[in-house]
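Peer 1: take this sequence and fold it.
(chains A, B, C and D)
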2 protein chains.
Amino acid sequence: MKPIDVFKALSNETRLNILQWLKEPEKHFPKQGAHLPKEVSYKGGVCVGDIQEKANASQSTISHYLNMMQKAGLLESVRHGQWTYYRRNEEVIRQLAEYFETEI
Amino acid sequence: MKPIDVFKALSNETRLNILQWLKEPEKHFPKQGAHLPKEVSYKGGVCVGDIQEKANASQSTISHYLNMMQKAGLLESVRHGQWTYYRRNEEVIRQLAEYFETEI
DNA sequence: ATTATATATCGAGTTTTCTCGATATGTCAA
DNA sequence: TTGACATATCGAGAAAACTCGATATATAAT
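Peer 2: Residues are numbered from 1 along each chain as shown, chains lettered A, B, ... in the order given. Just a heads-up that it's a prediction; the model follows:
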(Lines give C-alpha, C1' and ligand atoms only; values in the text may rest on other atoms or scores of the structure.)
Protein backbone atom coordinates (compact mmCIF):
# COMPACT_ATOMS: atom_id res chain seq x y z
CA MET A 1 0.00 0.00 0.00
CA LYS A 2 1.71 3.17 -1.21
CA PRO A 3 0.17 6.23 0.41
CA ILE A 4 0.74 8.38 -2.66
CA ASP A 5 -1.24 6.01 -4.88
CA VAL A 6 -4.03 6.07 -2.34
CA PHE A 7 -4.06 9.86 -2.21
CA LYS A 8 -4.13 10.00 -6.00
CA ALA A 9 -7.06 7.62 -6.04
CA LEU A 10 -8.89 9.82 -3.56
CA SER A 11 -8.15 13.02 -5.52
CA ASN A 12 -11.19 12.61 -7.72
CA GLU A 13 -14.78 13.27 -6.74
CA THR A 14 -16.26 10.29 -8.54
CA ARG A 15 -13.79 7.86 -7.01
CA LEU A 16 -14.25 9.35 -3.57
CA ASN A 17 -18.01 8.96 -3.99
CA ILE A 18 -17.66 5.34 -5.03
CA LEU A 19 -15.63 4.55 -1.93
CA GLN A 20 -18.23 6.19 0.26
CA TRP A 21 -21.18 4.57 -1.52
CA LEU A 22 -19.61 1.19 -0.91
CA LYS A 23 -19.66 1.83 2.82
CA GLU A 24 -23.43 1.28 2.69
CA PRO A 25 -24.23 -0.60 -0.48
CA GLU A 26 -27.84 -1.42 0.55
CA LYS A 27 -28.50 2.29 0.92
CA HIS A 28 -26.86 3.49 -2.27
CA PHE A 29 -27.60 0.57 -4.57
CA PRO A 30 -31.15 -0.41 -3.61
CA LYS A 31 -32.16 -1.89 -6.94
CA GLN A 32 -29.06 -3.99 -7.00
CA GLY A 33 -29.12 -6.60 -9.76
CA ALA A 34 -30.42 -9.88 -8.41
CA HIS A 35 -27.71 -11.97 -9.96
CA LEU A 36 -26.96 -13.42 -6.56
CA PRO A 37 -28.89 -13.95 -3.33
CA LYS A 38 -29.01 -10.66 -1.45
CA GLU A 39 -26.75 -11.67 1.43
CA VAL A 40 -24.04 -12.88 -0.87
CA SER A 41 -24.45 -9.97 -3.21
CA TYR A 42 -24.05 -7.21 -0.66
CA LYS A 43 -21.22 -8.91 1.13
CA GLY A 44 -19.55 -9.62 -2.16
CA GLY A 45 -19.83 -6.01 -3.25
CA VAL A 46 -21.54 -4.20 -6.08
CA CYS A 47 -21.16 -4.96 -9.77
CA VAL A 48 -19.54 -2.55 -12.19
CA GLY A 49 -22.75 -1.80 -14.07
CA ASP A 50 -24.59 -0.65 -10.96
CA ILE A 51 -21.70 1.56 -9.94
CA GLN A 52 -21.48 2.99 -13.42
CA GLU A 53 -25.15 3.83 -13.50
CA LYS A 54 -24.96 5.71 -10.22
CA ALA A 55 -21.69 7.45 -11.04
CA ASN A 56 -22.92 8.61 -14.40
CA ALA A 57 -19.71 8.16 -16.36
CA SER A 58 -18.81 5.88 -19.23
CA GLN A 59 -18.33 2.17 -18.72
CA SER A 60 -14.64 2.30 -19.60
CA THR A 61 -14.01 5.17 -17.23
CA ILE A 62 -15.62 3.37 -14.29
CA SER A 63 -13.82 0.15 -15.07
CA HIS A 64 -10.57 2.09 -15.12
CA TYR A 65 -11.37 3.86 -11.84
CA LEU A 66 -12.22 0.63 -10.08
CA ASN A 67 -9.02 -0.96 -11.29
CA MET A 68 -7.01 2.01 -10.08
CA MET A 69 -8.68 1.91 -6.68
CA GLN A 70 -8.02 -1.78 -6.41
CA LYS A 71 -4.35 -1.32 -7.27
CA ALA A 72 -4.13 1.36 -4.61
CA GLY A 73 -5.54 -1.19 -2.17
CA LEU A 74 -8.82 0.54 -1.44
CA LEU A 75 -11.02 -2.08 -3.14
CA GLU A 76 -11.05 -5.78 -3.79
CA SER A 77 -13.00 -7.66 -6.42
CA VAL A 78 -14.65 -11.01 -6.90
CA ARG A 79 -15.93 -12.38 -10.16
CA HIS A 80 -19.24 -14.28 -10.24
CA GLY A 81 -20.09 -15.41 -13.73
CA GLN A 82 -20.10 -12.44 -16.05
CA TRP A 83 -20.22 -9.95 -13.22
CA THR A 84 -17.35 -8.46 -11.26
CA TYR A 85 -18.22 -7.31 -7.77
CA TYR A 86 -16.19 -4.64 -6.08
CA ARG A 87 -16.17 -3.98 -2.35
CA ARG A 88 -14.05 -2.01 0.08
CA ASN A 89 -10.90 -3.54 1.45
CA GLU A 90 -11.62 -2.59 5.04
CA GLU A 91 -8.36 -3.97 6.35
CA VAL A 92 -6.28 -1.72 4.11
CA ILE A 93 -8.54 1.23 4.82
CA ARG A 94 -8.05 0.69 8.53
CA GLN A 95 -4.27 0.59 8.10
CA LEU A 96 -4.55 3.75 6.10
CA ALA A 97 -6.41 5.60 8.83
CA GLU A 98 -3.68 4.49 11.19
CA TYR A 99 -1.00 5.71 8.80
CA PHE A 100 -2.79 9.00 8.63
CA GLU A 101 -2.85 9.42 12.38
CA THR A 102 0.74 8.42 13.02
CA GLU A 103 2.63 9.55 9.92
CA ILE A 104 0.78 12.59 8.63
CA MET B 1 -11.15 22.36 4.09
CA LYS B 2 -12.04 20.40 0.96
CA PRO B 3 -10.87 16.80 1.24
CA ILE B 4 -10.15 16.54 -2.48
CA ASP B 5 -7.77 19.51 -2.38
CA VAL B 6 -6.02 17.91 0.57
CA PHE B 7 -5.68 14.58 -1.21
CA LYS B 8 -4.31 16.36 -4.28
CA ALA B 9 -1.78 18.14 -2.11
CA LEU B 10 -0.71 14.82 -0.61
CA SER B 11 -0.43 13.13 -4.03
CA ASN B 12 3.14 14.25 -4.53
CA GLU B 13 6.20 12.86 -2.86
CA THR B 14 7.94 16.18 -2.28
CA ARG B 15 4.86 17.74 -0.71
CA LEU B 16 4.25 14.70 1.44
CA ASN B 17 7.87 14.88 2.59
CA ILE B 18 7.57 18.54 3.46
CA LEU B 19 4.54 17.86 5.62
CA GLN B 20 6.37 15.10 7.43
CA TRP B 21 9.58 17.09 7.85
CA LEU B 22 7.60 19.87 9.47
CA LYS B 23 6.43 17.44 12.15
CA GLU B 24 9.93 17.59 13.61
CA PRO B 25 11.62 20.73 12.30
CA GLU B 26 14.55 20.54 14.75
CA LYS B 27 15.37 17.11 13.43
CA HIS B 28 15.05 17.83 9.74
CA PHE B 29 16.27 21.42 9.61
CA PRO B 30 19.16 21.41 12.08
CA LYS B 31 21.12 24.26 10.53
CA GLN B 32 18.05 26.43 10.46
CA GLY B 33 18.85 30.03 9.57
CA ALA B 34 19.31 32.05 12.74
CA HIS B 35 17.08 34.90 11.65
CA LEU B 36 15.09 34.51 14.83
CA PRO B 37 15.75 33.15 18.31
CA LYS B 38 15.50 29.38 18.21
CA GLU B 39 12.32 29.03 20.27
CA VAL B 40 10.46 31.50 18.14
CA SER B 41 11.87 30.14 14.94
CA TYR B 42 10.89 26.52 15.41
CA LYS B 43 7.47 27.37 16.73
CA GLY B 44 7.00 29.79 13.88
CA GLY B 45 7.96 27.19 11.32
CA VAL B 46 10.70 26.89 8.74
CA CYS B 47 11.55 29.42 6.06
CA VAL B 48 11.10 28.72 2.36
CA GLY B 49 14.80 28.69 1.57
CA ASP B 50 15.58 25.98 4.11
CA ILE B 51 12.71 23.85 2.83
CA GLN B 52 13.83 24.37 -0.74
CA GLU B 53 17.38 23.33 0.02
CA LYS B 54 16.24 20.10 1.63
CA ALA B 55 13.63 19.34 -1.00
CA ASN B 56 16.04 19.91 -3.84
CA ALA B 57 13.65 21.58 -6.26
CA SER B 58 13.56 25.06 -7.69
CA GLN B 59 12.61 28.07 -5.60
CA SER B 60 9.47 28.73 -7.62
CA THR B 61 8.35 25.12 -7.38
CA ILE B 62 8.69 25.06 -3.61
CA SER B 63 6.97 28.40 -3.21
CA HIS B 64 4.13 27.09 -5.34
CA TYR B 65 3.91 23.84 -3.36
CA LEU B 66 3.81 25.65 -0.04
CA ASN B 67 1.10 27.94 -1.29
CA MET B 68 -0.93 24.99 -2.53
CA MET B 69 -0.56 23.19 0.79
CA GLN B 70 -1.60 26.30 2.64
CA LYS B 71 -4.69 26.71 0.46
CA ALA B 72 -5.57 23.09 1.16
CA GLY B 73 -5.34 23.92 4.86
CA LEU B 74 -2.36 21.75 5.70
CA LEU B 75 0.04 24.62 6.41
CA GLU B 76 -0.04 28.14 7.75
CA SER B 77 2.52 30.88 7.27
CA VAL B 78 3.92 33.84 9.14
CA ARG B 79 6.12 36.51 7.68
CA HIS B 80 9.04 37.87 9.68
CA GLY B 81 10.94 40.49 7.77
CA GLN B 82 12.02 39.10 4.46
CA TRP B 83 11.40 35.51 5.48
CA THR B 84 8.18 33.55 5.31
CA TYR B 85 7.91 30.73 7.81
CA TYR B 86 5.66 27.79 7.12
CA ARG B 87 4.41 25.38 9.75
CA ARG B 88 1.77 22.67 9.96
CA ASN B 89 -1.79 23.61 10.75
CA GLU B 90 -2.27 20.92 13.36
CA GLU B 91 -5.89 21.77 13.98
CA VAL B 92 -6.85 21.16 10.36
CA ILE B 93 -4.72 18.04 10.22
CA ARG B 94 -6.51 16.71 13.27
CA GLN B 95 -9.89 17.37 11.67
CA LEU B 96 -8.66 15.61 8.60
CA ALA B 97 -7.68 12.48 10.47
CA GLU B 98 -11.16 12.52 11.97
CA TYR B 99 -12.71 12.92 8.53
CA PHE B 100 -10.66 10.00 7.38
CA GLU B 101 -11.86 7.77 10.18
CA THR B 102 -15.52 8.65 9.94
CA GLU B 103 -16.11 9.39 6.27
CA ILE B 104 -13.64 7.25 4.37
C1' DA C 1 -22.26 -22.47 -32.76
C1' DT C 2 -24.43 -18.15 -32.27
C1' DT C 3 -26.02 -14.41 -29.84
C1' DA C 4 -26.39 -11.41 -25.91
C1' DT C 5 -24.58 -9.29 -21.85
C1' DA C 6 -20.87 -7.66 -18.53
C1' DT C 7 -16.44 -6.16 -18.03
C1' DA C 8 -11.65 -5.07 -19.52
C1' DT C 9 -8.42 -3.05 -22.52
C1' DC C 10 -6.87 0.07 -26.26
C1' DG C 11 -5.99 4.46 -28.57
C1' DA C 12 -6.49 9.17 -28.62
C1' DG C 13 -7.98 13.95 -27.86
C1' DT C 14 -8.58 17.10 -23.95
C1' DT C 15 -7.50 18.96 -19.58
C1' DT C 16 -4.71 19.29 -15.56
C1' DT C 17 -0.49 19.03 -13.10
C1' DC C 18 4.47 19.53 -12.93
C1' DT C 19 8.39 22.14 -13.06
C1' DC C 20 11.33 25.38 -14.54
C1' DG C 21 13.63 30.05 -15.56
C1' DA C 22 12.56 34.82 -15.74
C1' DT C 23 10.72 38.56 -13.54
C1' DA C 24 8.23 41.22 -9.94
C1' DT C 25 7.59 42.45 -5.15
C1' DG C 26 8.86 43.11 -0.51
C1' DT C 27 12.32 43.92 3.07
C1' DC C 28 16.70 45.01 5.11
C1' DA C 29 21.43 47.16 5.24
C1' DA C 30 24.67 50.51 3.88
C1' DT D 1 18.26 55.53 -2.62
C1' DT D 2 20.77 51.77 -3.97
C1' DG D 3 22.01 47.09 -3.68
C1' DA D 4 21.36 42.55 -1.91
C1' DC D 5 18.59 38.93 -0.53
C1' DA D 6 14.00 36.17 0.27
C1' DT D 7 9.84 35.07 -1.57
C1' DA D 8 5.95 35.36 -4.88
C1' DT D 9 4.08 35.42 -9.36
C1' DC D 10 4.17 34.78 -14.42
C1' DG D 11 4.47 32.19 -18.71
C1' DA D 12 5.37 28.11 -20.96
C1' DG D 13 6.88 23.47 -22.41
C1' DA D 14 6.67 18.64 -20.78
C1' DA D 15 4.42 15.00 -18.42
C1' DA D 16 0.51 12.89 -16.36
C1' DA D 17 -4.38 12.27 -15.58
C1' DC D 18 -9.08 12.37 -17.46
C1' DT D 19 -12.46 10.57 -20.28
C1' DC D 20 -14.47 8.83 -24.09
C1' DG D 21 -15.84 5.50 -28.00
C1' DA D 22 -14.32 1.39 -30.15
C1' DT D 23 -12.94 -3.08 -29.62
C1' DA D 24 -11.55 -7.40 -27.23
C1' DT D 25 -12.50 -10.94 -23.88
C1' DA D 26 -15.18 -13.76 -20.86
C1' DT D 27 -19.35 -15.87 -19.53
C1' DA D 28 -24.23 -17.29 -20.10
C1' DA D 29 -28.33 -18.46 -22.68
C1' DT D 30 -30.53 -20.33 -26.83
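Peer 1: could you point out which element follows the helix-or-strand element of chain A with minimal mean pLDDT?
Peer 2: Every helix and strand of chain A was ranked by mean pLDDT, DSSP states H and E. The lowest is helix A:38-44, at a mean of 68. Helices and strands here follow DSSP states H and E; after helix A:38-44, the next one along the chain is strand A:46-47.
Peer 1: quick one: distance of that following strand to the chain centre.
Peer 2: Its chain's average C-alpha position is 9 Å from that of strand A:46-47, according to C-alpha atoms, centre = their mean, to the nearest Å.
Peer 1: tell me if the following helix or strand past that strand is near DNA strand C.
Peer 2: Counting by DSSP H and E, the next helix or strand C-terminal to strand A:46-47 is helix A:48-55. Yes - using C-beta under 7 Å from any atom of the strand, helix A:48-55 reaches DNA strand C at A:48, A:49, A:52. Heads up, the C-betas are built off the backbone N, CA and C, glycines and all.
Peer 1: tell me which residues in helix A:48-55 are buried?
Peer 2: Of the residues in helix A:48-55, A:48, A:50, A:51, A:52, A:54, A:55 count as buried by neighbour count, 16 or more other C-beta atoms under 10 Å in any protein chain shown.
Peer 1: who does it touch, helix- and strand-wise?
Peer 2: Here helix A:48-55 touches helix A:13-21, helix A:59-72, strand A:83-88, going by 3 or more C-beta pairs under 8 Å, 6 or more residues apart in numbering or on different chains; DSSP states H and E.
Peer 1: give me the contact list for the shortest one.
Peer 2: Outside strand A:83-88, the residues that touch it by C-beta atoms under 8 Å, 6 or more residues apart in numbering or on different chains are A:19, A:22-23, A:25, A:33, A:35, A:41, A:43-49, A:51, A:66, A:69-70, A:74-79.
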